[in-house]
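1. The sequence and its predicted three-dimensional model are supplied below.
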Number of protein chains: 2
Amino acid sequence: MRILIAEDDTIIADGISRSLRRSGYAVDCAYTGLDADTALMTGSYDLLILDLGLPKLPGLEVLKRLRSRKSQVPVLILTALDGTSDRVKGLDLGADDYMAKPFELAELEARVRALTRRSAGTTPLIELGQLSYDQVGRVALINGQPLDLSARELGLLEFLLTRAGRLVSKDQLVDHLCGWGEEVSHNAIEVYVHRLRKKLEPGGVRIVTVRGLGYCLEKPQDEHARV
Amino acid sequence: MRILIAEDDTIIADGISRSLRRSGYAVDCAYTGLDADTALMTGSYDLLILDLGLPKLPGLEVLKRLRSRKSQVPVLILTALDGTSDRVKGLDLGADDYMAKPFELAELEARVRALTRRSAGTTPLIELGQLSYDQVGRVALINGQPLDLSARELGLLEFLLTRAGRLVSKDQLVDHLCGWGEEVSHNAIEVYVHRLRKKLEPGGVRIVTVRGLGYCLEKPQDEHARV
DNA sequence: CGCAGACTTACAAAATTCTTACGGTTTCTT
DNA sequence: AAGAAACCGTAAGAATTTTGTAAGTCTGCG
């Protein structure tokens, strides 16, 4: 799950990105409107957190361009202005949510969870064999027992789950788990998978290796094939 | 999602294809206009990235033929010429977008996303008898059971499937399965086929040998011929 | 028959992945 | 604030699997 933060105040941007990374999101930061615009064209994101008071290119313009490209990426607007005019403009231009500064990190995270779920599809709950995953709460259960996953493991599981039964390459994983400047080796991915497998094992959920190509989260066999 | 890149400059073609593969697309390359034309007739693609300055057969001609076959594949034109005349001609002939070289890979990717989004609704699922293949997820199922294929086998199957019922030569296979400077003997192909056949057998899918010419993936017999 | 192309099988090198262990950090506790 | 615990990524060797070749057999065809 990849998020772009467009915010010129580095203190704030840093605080948010840290907090989100700790939760297992891949986060990129853009400190000007132009950078944000470029980043949005370049990469694919699951959410944009957008400050309206950006240098080089106003936040509203970034949003406008984004939507004119027919992108449906959810946008969470951030602003110090408490006048409703910008808020209205933002929502008109297709923003999905709005927060006035100052705000609680906790609340931000809650809204992020709510917004990223939409993009992940319409199912708030993914079930796979004995495993169930709540996309909003970001909690995985095996037979009702909550799984204790690290941020990375959660990110990995989330990515695999939303693509269950499909082949996922290591490069794709790197792209979705790591933000800029924090690329990670393929070996790291192998280690994540190893650790996640151990935790998934008791639930009978399997991550299948496809040598040379990547991994694939095994979909449950049809019911009558049960042994 | 399958993309064909028609571009004679191998450096560029390679760069683009790598970048797109990384994003999860299946990419084929054609280095001459003739090859592109052939590929478009034999394979099925969701997008064509077309350089206008192609040897053997001009890009515009490739586009013209494509449209004269009533194909609606989206086309993104690439050209070094900055005169508008070619651009206009291209758009007249039914190209969907246009980029002048040099360009940013980033922007190209953005446009590719925009163009492929449209056709996203089309089913990327190929069905052949008891075999079904998800082109995006790159997973083959026989009666719902996932097939365990190696990278080579999957590449081979993919190639044959997208050309089901058509003759495919060993040379074509060598070209498609091997990257630059890593040619492989015809015998190797025979071995691949042998291994793939074994795995396909339980699904009743057959690869027919055409002596001296190549192989052909048998299209499903008519329904009442089922045994 | 005899040949060329295709099929099989076996095998060993090459490539990829798994697993474990270990510092460097960050986070949580006391 | 110090210590403990958890987390993360790297490194390195072990364990696997894939892959191409070689060599022999089979088959269709002239």
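-> Received the coordinates, thanks.
2. Contacts only, for the closest residue to DNA strand C within chain A.
-> DNA strand C sits closest to A:T209 of chain A, with a gap of 3.6 Å, by C-beta to the nearest atom of the strand. For every residue, glycine as well, the C-beta is placed using N, CA and C. By C-beta atoms under 8 Å, 6 or more residues apart in numbering or on different chains, the residues touching A:T209 are A:Y215.
3. What strand or helix carries it?
-> strand A:207-210 (DSSP states H and E).
4. what do you get for A:R152?
-> helix A:151-161.
5. What's the local residue count around A:R18?
-> 12 (other C-beta atoms under 10 Å in any protein chain shown).
6. And for the strand or helix carrying it, what's in contact with it?
-> Per DSSP H and E, A:R18 falls inside helix A:10-22. With C-beta under 8 Å, 6+ apart as the test, helix A:10-22 has contacts from A:3, A:5, A:7, A:27, A:29, A:31, A:49, A:51, A:101, A:105, A:108-109, A:112, A:151, A:179.
7. Kindly report the same for stretch A:148-156.
-> Residues from elsewhere that reach stretch A:148-156, judged by C-beta under 8 Å, 6+ apart: A:1, A:21-26, A:138, A:140, A:157, A:173, A:176-177, A:192-193, A:195-196, A:199.
8. do the same with stretch A:132-142
-> By C-beta under 8 Å, 6+ apart, stretch A:132-142 touches A:23-24, A:113-114, A:116-117, A:120, A:123-127, A:130-131, A:146-147, A:149, A:154, A:157-158, A:161, A:200, A:202-203, A:205.
9. in chain A, which spans are strands?
-> A:2-6, A:26-30, A:47-51, A:75-79, A:97-100, A:125-128, A:131-134, A:139-142, A:145-146, A:167-168, A:207-210, A:214-217 (DSSP state E).
10. Near DNA strand C, which residues of chain A are found?
-> A:18, A:22, A:170, A:186-187, A:190-191, A:193-194, A:197, A:209, A:211-214 (C-beta under 7 Å from any atom of the strand).
11. filter these by proximity to DNA strand D?
-> A:187, A:191, A:211-212.
12. Same list, those, but only the ones touching chain B.
-> Contacts with chain B within these, counted by C-beta under 8 Å from any C-beta of the partner chain: A:211-212.
13. Now the two most distant members of the ones next to DNA strand D among the residues of chain A next to DNA strand C.
-> A:V191 and A:G212 (18.5 Å; C-beta to C-beta).
14. Pick the one among the contacts of helix A:10-22 closest to A:L78.
-> Closest to A:L78 out of those is A:D51 (4.7 Å), distances taken as C-beta to C-beta.
15. Quick one: residues contacting the closest one.
-> A:6-9, A:12, A:59, A:77-79.
16. Name whatever forms a beta bridge with A:A30.
-> A:A6 (DSSP bridges).
17. shouldn't it be in contact with A:G43?
-> No. A:A30 is beyond contact range of A:G43, at 10.6 Å (criterion: C-beta atoms under 8 Å).
18. Which single residue of chain A ends up nearest chain B?
-> When scored by C-beta to the nearest C-beta, chain A has A:R166 as its residue closest to chain B, at 2.8 Å.
19. what about that residue, neighbour count?
-> Each residue near A:R166 was counted by other C-beta under 10 Å, and the total is 18.
20. and B:R69, which of the strands of chain A is closest to it?
-> Smallest distance to B:R69 across the strands of chain A (C-beta to C-beta): 31.3 Å, for strand A:167-168.
21. what lines up beside that closest one in the sheet?
-> Here, using DSSP bridges, strand A:167-168 pairs with strand A:214-217 (antiparallel).
22. what mean pLDDT does the strand it pairs with have?
-> The average of the pLDDT scores along strand A:214-217 is 96.
23. Select only the buried ones of the residues of chain A next to DNA strand C in PyMOL?
-> In PyMOL, a selection of the buried entries from those looks like this (16 or more other C-beta atoms under 10 Å in any protein chain shown):
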select buried, chain A and resi 170+193+213+214
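24. ok, and the closest non-adjacent residue to A:I142?
-> Using C-beta to C-beta, 6 or more residues apart in numbering or on different chains and skipping the chain neighbours, the partner closest in space to A:I142 is A:G203 (3.7 Å).
25. Would you mind naming what in chain A lies close to DNA strand D?
-> Counting by C-beta under 7 Å from any atom of the strand, chain A sits next to DNA strand D at A:24, A:148, A:150-153, A:178, A:182, A:184-185, A:187-188, A:191-192, A:211-212.
26. Among those, which pair sits farthest apart?
-> The distance between the two most remote of those (C-beta to C-beta) is 32.0 Å, for A:D148 and A:G212.
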